[in-house]
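sequence first, then the predicted structure, then my questions.
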Amino acid sequence: MRSDPDLHRRAADLFADALDREPDDREAAFEDPALDPLVVAEARSLLAAHDAAGDAIAAPDA
(Lines give C-alpha, C1' and ligand atoms only; values in the text may rest on other atoms or scores of the structure.)
Protein backbone atom coordinates (compact mmCIF):
# COMPACT_ATOMS: atom_id res chain seq x y z
CA MET A 1 0.00 0.00 0.00
CA ARG A 2 1.31 3.42 -0.86
CA SER A 3 2.40 5.62 2.00
CA ASP A 4 -0.69 7.74 2.50
CA PRO A 5 -1.63 8.71 6.07
CA ASP A 6 -5.29 9.16 5.13
CA LEU A 7 -5.50 5.66 3.62
CA HIS A 8 -3.80 4.18 6.68
CA ARG A 9 -6.22 6.00 8.99
CA ARG A 10 -9.25 4.86 7.00
CA ALA A 11 -7.93 1.28 6.94
CA ALA A 12 -7.38 1.38 10.70
CA ASP A 13 -10.90 2.71 11.21
CA LEU A 14 -12.37 -0.01 8.98
CA PHE A 15 -10.30 -2.66 10.80
CA ALA A 16 -11.62 -1.39 14.14
CA ASP A 17 -15.18 -1.51 12.81
CA ALA A 18 -14.70 -5.11 11.66
CA LEU A 19 -13.08 -6.07 14.94
CA ASP A 20 -16.04 -4.67 16.90
CA ARG A 21 -18.33 -7.12 15.12
CA GLU A 22 -18.95 -10.76 15.89
CA PRO A 23 -16.45 -12.94 13.98
CA ASP A 24 -19.16 -14.30 11.65
CA ASP A 25 -20.27 -10.75 10.78
CA ARG A 26 -16.87 -9.14 10.17
CA GLU A 27 -16.92 -9.55 6.40
CA ALA A 28 -19.98 -7.28 6.27
CA ALA A 29 -17.73 -4.37 7.28
CA PHE A 30 -16.00 -4.63 3.90
CA GLU A 31 -19.08 -4.87 1.67
CA ASP A 32 -19.81 -1.16 1.09
CA PRO A 33 -19.16 -0.61 -2.64
CA ALA A 34 -18.17 3.00 -1.90
CA LEU A 35 -15.11 1.86 0.07
CA ASP A 36 -11.71 2.35 -1.53
CA PRO A 37 -10.38 -1.10 -2.54
CA LEU A 38 -6.93 -0.20 -1.16
CA VAL A 39 -8.47 0.63 2.21
CA VAL A 40 -10.42 -2.64 2.21
CA ALA A 41 -7.32 -4.65 1.29
CA GLU A 42 -5.26 -3.07 4.08
CA ALA A 43 -8.05 -3.52 6.64
CA ARG A 44 -8.43 -7.18 5.65
CA SER A 45 -4.66 -7.60 6.00
CA LEU A 46 -4.77 -6.08 9.48
CA LEU A 47 -7.66 -8.35 10.45
CA ALA A 48 -5.87 -11.44 9.13
CA ALA A 49 -2.73 -10.55 11.09
CA HIS A 50 -4.81 -9.97 14.20
CA ASP A 51 -6.56 -13.31 13.83
CA ALA A 52 -3.28 -15.12 13.14
CA ALA A 53 -1.72 -13.63 16.27
CA GLY A 54 -4.49 -15.12 18.39
CA ASP A 55 -3.43 -15.14 22.01
CA ALA A 56 0.26 -14.90 21.18
CA ILE A 57 0.44 -11.40 22.63
CA ALA A 58 -1.85 -11.95 25.59
CA ALA A 59 -0.52 -11.07 29.01
CA PRO A 60 1.19 -13.98 30.77
CA ASP A 61 -0.55 -15.62 33.70
CA ALA A 62 0.39 -14.03 37.01
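It's in.

can you pull out the helices in this protein?
5-20, 37-53 (DSSP state H).

looking at those helices, which is nearest to residue 29?
If you check each of those against residue 29 by CB to CB, helix 5-20 wins as the nearest, at 3.9 Å. (Glycine included, C-beta is placed from N, CA and C.)

now that closest one: mean pLDDT?
Per-residue pLDDT over helix 5-20 has a mean of 95.

now the angle between helix 37-53 and that helix, please.
For helix 5-20 against helix 37-53, the angle by axes from the mean of the first three to the mean of the last three CA atoms, to 10 degrees is 50 degrees.

what helices or strands is helix 5-20 leaning on?
Packing partners of helix 5-20 (3 or more CB pairs under 8 Å, 6 or more residues apart in numbering; DSSP states H and E): helix 37-53.

will you turn the helices of the chain into a markdown table that also has distance to residue 31 and mean neighbour count?
Below are the helices of the chain laid out as a markdown table (distance: least, CB to CB, whole Å; neighbours: other CB atoms under 10 Å):
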| stretch | distance to residue 31 | mean neighbour count |
| --- | --- | --- |
| helix 5-20 | 11 | 15 |
| helix 37-53 | 9 | 15 |
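
now those helices in a markdown table, with distance to residue 27?
Shown next, in a markdown table, are the helices of the chain (distance: least, CB to CB, whole Å):
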| stretch | distance to residue 27 |
| --- | --- |
| helix 5-20 | 8 |
| helix 37-53 | 9 |
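
among those, which is nearest residue 28?
helix 5-20 (8.4 Å).

chain center to that closest one, what's the gap?
Mean-position distance between helix 5-20 and its chain equals 6 Å (CA atoms, centre = their mean, to the nearest Å).
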